[in-house]
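> Generate coordinates for the sequence data below:
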Amino acid sequence: MNKKEISKLLAFIFSIIQILTIAGFVIKKQYNYSYDAISTYMSYLIFIYFENKKKFHLENYIKGLVILTIIGHNLLGEYFDAYNTVKFFDNMLHVFGTFAFTLFFFSIIHKTTRMVYSSKLYTFIFITSLGVCLGVLFELIEFTLDILFKANNQRGLLDTNLDLIANVLGAILAGVFAVIRQSPSAH
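You can find the predicted model right below:
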């Protein structure tokens, strides 16, 4: 199977899982969760559209990591209530999600610009900083959703601080991972 076929297979499997998850939320009359699942699914479809239109393609493993993060959040966390029933699920998903989305956005930046990464240290600092910023942005989004829609994403200062620590850890892991994968010819 070539890279394009794998990408299509990932999108197909993700589509089926998301559609079934959305249907499950509707059946359970959990409409807020269904809106969340619809918006993440639509965001992924928009990315796929622009990826094909702009003729740049991210590595399938990065798309797979993002898909796993979204499935972890929508299906495991919300539908199966792992956020409330599995200790540290939220923190683990923050580490994994920040890792995945940091690599995702770094790859987009790398493929759409001509930035030169002059050293492994610079690459590590750039990717880690990007991930920390994404983690903070995610916390701000949670806060905004809590204020506007009376959601319960942030359950106090301890929860938010643990999320931020997990986001920093995920960002550092993404930086280390990218530096290890960086070829000697890349600097």
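
> separation between Phe47 and Leu10?
Distance of Phe47 to Leu10, given as CB to CB, to the nearest Å: 12 Å. C-beta here means a position set from N, CA and C on the backbone, and glycine is covered the same way.

> which ones are touching the most centrally placed residue in the chain?
The residue lying closest to the centre of the chain (CA atoms, centre = their mean) is Phe101, at 3.9 Å. Applying CB atoms under 8 Å, 6 or more residues apart in numbering to Phe101 gives the contacts 66, 69, 131, 134.

> May I ask which of these has the most neighbours?
Using other CB atoms under 10 Å as the neighbour criterion, Gly131 leads the contacts of Phe101 with 27 neighbours.

> hang on, isn't Ile127 packed against Gly170?
No: Ile127 lies out of contact with Gly170 (CB atoms under 8 Å); the separation is 11.0 Å.

> what do the two both touch?
Applying CB under 8 Å, 6+ apart, one finds that Ile127 and Gly170 are jointly contacted by Thr102.

> about what we covered before: what about the residue nearest to the centre of the chain, which SS state?
Taking DSSP: H, G, I helix; E, B strand; the rest coil as the rule, one finds Phe101 in the helix state.

> Let me see the confidence value for it.
Per-residue pLDDT puts Phe101 at 98.

> Listing request: residues of this protein with sub-threshold pLDDT.
Within the chain, the ranges that satisfy pLDDT under 70 run 183-187.
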